[in-house]
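Peer 1: whatever this is, show me its structure:
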Amino acid sequence: MDEAAAAFMQQANVKSAFLGYRLGHRVFPGNICISLNDEVIHGIGSQRRIQYGDIVKLDIGIVQDGWVGDNATTVPVGIVDDRTERLLRTTEAALARAIAVAYAGRRLGDIGAEIEDEARRSHFNVVREFVGHGVGRKLHEEPQIPNYGRRGTGPKLKPGMTLAIEPMINSGTEAVILLDNGWTACTADGMPSAHFEHTVLITNGEPEILTWHAKTQLK
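Peer 2: So this is what the prediction gives:
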């Protein structure tokens, strides 16, 4: 899958925003992030085989003409159990709710509050150790966008801001652990986690989803 993503990027004349990304002494080795089941984020392509009933998180960042786009989705492989299916629906709905309040003049806390409320309504937990972020010429820019918060707090949203809004919601505990590869975070209890993300432009009117695709349905 990672090799296929690299080929698609080459055909589209774009580059991976993740390949070679440095965090301290660590260098990310994949073209995209591929995270399975209890892996929350930053999974690395390998020889593992995807199994029926798995959920697969695909987090893809590209650079085109010097600008970065960042988005993610979670895909069920075949039929998954009812709680996991509800986890996916809830996380996607949380993203939709967050985007729906991303208007100039609102506060960053409004975005996090919408995500956390949707998660709690279904008795799930948001991940607190990883957050959304500004995105533009660089993959990670200010401001940080937690998936929790209090309405009416935080910096004001202004036209021209471009935000990677990315709910990460766990079926069980909010706690995560880091694998020995130094990148991949997993749920501490081994329960599934889901991840959806769009890059969103704050405008003078409605928020504009820059990573929109035909199959996206915001409810």
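
Peer 1: which residues in this structure form helices?
Peer 2: 2-12, 82-100, 108-121 (DSSP state H).

Peer 1: in the last one, which residues are buried?
Peer 2: In terms of neighbour count (16 or more other Cβ atoms under 10 Å), helix 108-121 has its buried residues at Leu108, Gly109, Asp110, Ile111, Gly112, Ala113, Glu114, Ile115, Glu116, Glu118, Ala119. Where C-beta positions appear, they are placed from N, C-alpha and C, glycine not excepted.

Peer 1: next, the angle from it to helix 82-100.
Peer 2: 160 degrees (axes from the mean of the first three to the mean of the last three Cα atoms, to 10 degrees).

Peer 1: how close does the closest residue to Gly154 other than its chain neighbours sit to Tyr148?
Peer 2: Using Cβ to Cβ, 6 or more residues apart in numbering and skipping the chain neighbours, the partner closest in space to Gly154 is Leu108 (3.4 Å). Distance, Leu108 to Tyr148, by Cβ to Cβ, to the nearest Å: 11 Å.

Peer 1: still on that earlier bit, the residue nearest to Gly154 touches Asn147, doesn't it?
Peer 2: No. Assessed by Cβ atoms under 8 Å, Leu108 is found out of contact with Asn147, at 11.3 Å.

Peer 1: I figured Thr74 hits Val56, correct?
Peer 2: Yes. Contact criterion Cβ under 8 Å: Thr74 and Val56 qualify, at 7.0 Å.

Peer 1: who's more crowded, those two?
Peer 2: The residue with more neighbours, out of Thr74 and Val56, is Thr74; 23 against 17, by other Cβ atoms under 10 Å.

Peer 1: so that one bridges to which residues?
Peer 2: Residues in a beta bridge with Thr74, per DSSP bridges, are Lys57.

Peer 1: where does it land on pLDDT?
Peer 2: With respect to pLDDT, Thr74 scores 98.
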